[in-house]
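Student: how would this look folded up:
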Amino acid sequence: MVAGTVYLDVDDEITSAAARIRSSESAKVGLVVPYGSRISTSRMNFRLLSREAVINNRRLSIVAADPATRALAASAGLPVFATVAEYESALAGPPPTIEDADAGEIGAAAPEGAASEASDAPPAAKGGPKKRARRGSSGDETQAVALPAAAAAAAPAVAAVGAGQVASAPVVSAPGASAPSSSFDRHQGEAGGIVGRIPVRGAAGRLAIRTPVLVGAIAVVLALAVVAVGAYLVLPAATITVTPRPEAIGPITLSVTANPKAPSVDPATATIPADELDVPLEVTDTFTTVGVRTELIAATGEVTFRNVDFTATNTIPAGSVVSTPNGVKFGTDKAVTVARATLVNLTVVPSFATVSVTAVKKGTAGNVEPNTITVIPPGEDPVTLTVRNQQPTAGGAKNDFPKISQAEVDQAVAALHTKLQDAFDAAVAAGAGASAATTLFPETAALGDATPSVDPATLVGQEVPTFDLGLSAHGTVIAVDPSPVSQIAQARLLGNVGKGYQLVDGSVHIDQGTPVVTNGVVTFPVTARAARVQVLDPEALRALVKNKPIEDARAQLAPFGDVTIDTWPAWVSSITGFDSRLTVTVADGGGAGASPAAGGSVAPGSASPSAAP
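Tutor: Numbering: from 1, shown residues only. Next up is the predicted model:
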């Protein structure tokens, strides 16, 4: 590696590069700039490095494979090379040429138009700059013309003058300066100027020195170039960056209602659709009849009346009641007459009459044993008349038959309602057929009126041991897809961004509270917040600060965000008025990249940066 070659890292700053130029032991420094270097992001960096090299008596060249880096360095007046090999080749220079003292050798060895190079030694060591002209291979003379360093690039562009033609060739050094020793010196623009030769070819094909008019014209062009490049390098420059400050939007609170009748999401009314799910239900059961119809049968039998009255007969009317001593009563089925008793030898022979009887009270109580009916009907003379059942009475019975009552029908209907509600609750708990994207709200479940499978009134009084009864109904429950809730909240945020502002990327925060169900209506409480930044116009900012003192410019820009001002040279106290020397940039303040609110970018003074949306 040639001494003086300095390799930079990608992360090296301008201060590090300047320090390495100062610390180089070689007067010629080749700075190797890699792809993506921080140095190559600004032309100002190369100007500062060039100035640092001049102050420290270093001759700086830039070596960069990146064409954009070389273009920036060249625009700062520095010689550039694509590779280190090219730079080292320039340091070595072409083979030395022979002075014109031996014209014959010159013609044989030097190619036409080739520039003779002198030693790197200063003019004092050589006895001062050479004044005489040199000869080419044909013996023609070349005119030494001084080209300032900043205008060297203009020399190859000189067109044909008169009948002659100026060829692209290196430019020789100005009078009083030492001749360059290599092609590296012809690139150098900091010390002594860029040097070379301008051969002038005569009409007969021989080189000839043209009149002073040509020299004067070239001098004017070069002078103008020197003035332009000098002004470009000397005029102050400024780079201003404004970073808009984020401002809070919100928090915005709203309630989003889920409406089964809403066809779509409506941000204006904060309404989203809801699904009202239909749940069909049917239950049946068989019930045992507990109602009873009781049938009682009266006991029957016969009683025999005995009459001991020999003076008269005794007729007992039908329905006359005879009974047992314990009160079991029987009525005679018909009237019966008992003949009078007979008197035989002073002995009374009673007469008898039998009649059928039926128990007054139905049931088994009328079944009595023989000789237990002994009480005669009221009003009869117990002295002359008696009664007795010679056989037991029988047939008294109590028979029970099932019979559906109104009470048990009511109980059956109530039991079916309970069963229907349980079935509905189970269907809701199982999801009621709602899609996976929705949230089911059991609080909204409602069971409709039930319809019986038969009219319950027709069951009452039926004498059957069991009966069947069923109920059917439809229930409803609401399911909601909550995702549009965030869409509505975000739309509200966008509506509050304000004219001339845009949302900060990643600043949107939406918090959904616990849904609330009131009277079967579902509402979602939502809180939304975000941040916005003002959309600024760099040209309007430029107009605010041109030709102003730096502190005044900073004060003018402060309302619009955080301000960074870099000037060159660093000691200047005001902002330049030249647009080409003033760069104003609006940094990314976190904007979402979406189009700003209606009104586009904000020109300074057109809206307060802290204006409420």
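
Student: so where do the strands sit in the stretch 201-350 of the chain?
Tutor: Under the criterion DSSP state E, counting those that start in this stretch, the stretch 201-350 of the chain contains strands at 237-243, 247-259, 271-273, 275-288, 292-297, 300-307, 314-316, 321-323, 329-332, 336-338, 342-344, 347-349.

Student: and of those, who's closest to residue 364?
Tutor: With Cβ to Cβ, the closest approach to residue 364 among those belongs to strand 292-297: 8.7 Å. Backbone N, C-alpha and C define where each C-beta goes, glycine included.

Student: what residues does that closest one touch?
Tutor: 362, 363, 395, 396, 397, 398, 399, 400, 401, 402, 403, 463 (Cβ atoms under 8 Å, 6 or more residues apart in numbering).

Student: isn't residue 370 right next to residue 304, touching?
Tutor: No. The pair residue 370 / residue 304 is not scored as a contact, 11.1 Å apart, by Cβ atoms under 8 Å.

Student: what sits in contact with each of those two?
Tutor: Contacts common to residue 370 and residue 304, judged by Cβ under 8 Å, 6+ apart, are 389, 390.

Student: settle it for me: which of the two has more neighbours?
Tutor: Shown here are residue 370 and residue 304; by other Cβ atoms under 10 Å, residue 304 has more neighbours (17 against 12).

Student: what's the closest non-adjacent residue to the more buried one?
Tutor: Excluding its sequence neighbours, the residue lying closest to residue 304 (Cβ to Cβ, 6 or more residues apart in numbering) is residue 354, at 4.6 Å.

Student: what sits against the one you found?
Tutor: Residue 354 sits in contact with 302, 303, 304, 305, 336, where contact means Cβ under 8 Å, 6+ apart.

Student: element containing it, please.
Tutor: strand 351-359 (DSSP states H and E).

Student: buried residues, that strand. List them.
Tutor: Residues of strand 351-359 classed as buried by neighbour count (16 or more other Cβ atoms under 10 Å): 351, 353, 355, 357, 358, 359.

Student: could you chop this protein up by domain?
Tutor: Using automatic domain parsing, the domains assigned to the chain come out as 5-90, 99-234, 293-401.

Student: quickly, which of these bottoms out on average pLDDT?
Tutor: The weakest mean pLDDT among the domains of the chain belongs to domain 99-234, with a mean of 41.

Student: phi, psi for the residue of the chain most remote from its centre please.
Tutor: Distance to the chain centre peaks in the chain at residue 345, reaching 135.9 Å (criterion: Cα atoms, centre = their mean). Backbone torsions of residue 345, given as degrees, to the nearest 10, read phi 50, psi 50.

Student: same check on residue 487?
Tutor: phi -60, psi -40.

Student: what residues does the nearest residue to it once chain neighbours are set aside make contact with?
Tutor: Once flanking residues are discounted, residue 487 sits nearest to residue 265: 6.3 Å by Cβ to Cβ, 6+ apart. Residue 265 makes contact with 271, 272, 273, 484, 487, 488 under the criterion Cβ under 8 Å, 6+ apart.

Student: wait, isn't the last one in contact with residue 267?
Tutor: Yes. Applying Cβ under 8 Å, one finds residue 488 in contact with residue 267, separated by 4.9 Å.

Student: who's more crowded, these two?
Tutor: Comparing residue 488 with residue 267 by neighbour count (other Cβ under 10 Å), the higher total belongs to residue 488, at 23 against 18.

Student: give the other helices and strands that the helix or strand containing the more buried one contacts.
Tutor: In this structure, residue 488 sits in helix 483-495 according to DSSP H and E. Using 3 or more Cβ pairs under 8 Å, 6 or more residues apart in numbering; DSSP states H and E, the elements in contact with helix 483-495 are strand 247-259, strand 271-273, strand 509-512, strand 521-534.

Student: just say which of those strands is most tucked in.
Tutor: Of those, the one with the most neighbours on average (mean count of other Cβ atoms under 10 Å) is strand 521-534, at a mean of 21.

Student: and residue 326, how many neighbours?
Tutor: Around residue 326 there are 9 residues (other Cβ under 10 Å).

Student: just residue 284 next, same as before
Tutor: 12.

Student: which residue is the nearest non-sequential neighbour of it?
Tutor: Per Cβ to Cβ, 6+ apart, closest to residue 284 is residue 470, 3.3 Å.

Student: quick one: that neighbour is in a helix?
Tutor: No. Residue 470 is assigned strand when assessed by DSSP: H, G, I helix; E, B strand; the rest coil, not a helix.

Student: got the buried residues for stretch 475-485?
Tutor: 475, 476, 477, 478, 479, 480, 481, 482, 484, 485.

Student: got a list of contacts for it?
Tutor: Contacts for stretch 475-485 (Cβ under 8 Å, 6+ apart): 256, 258, 260, 265, 272-281, 424, 427-428, 432, 434-435, 437-442, 444-448, 512, 515, 520, 522, 524, 526.

Student: and if we set it to 7 Å?
Tutor: 256, 258, 260, 265, 272, 274-279, 281, 424, 428, 432, 434, 437-442, 444-448, 512, 522, 524, 526 (Cβ atoms under 7 Å, 6 or more residues apart in numbering).
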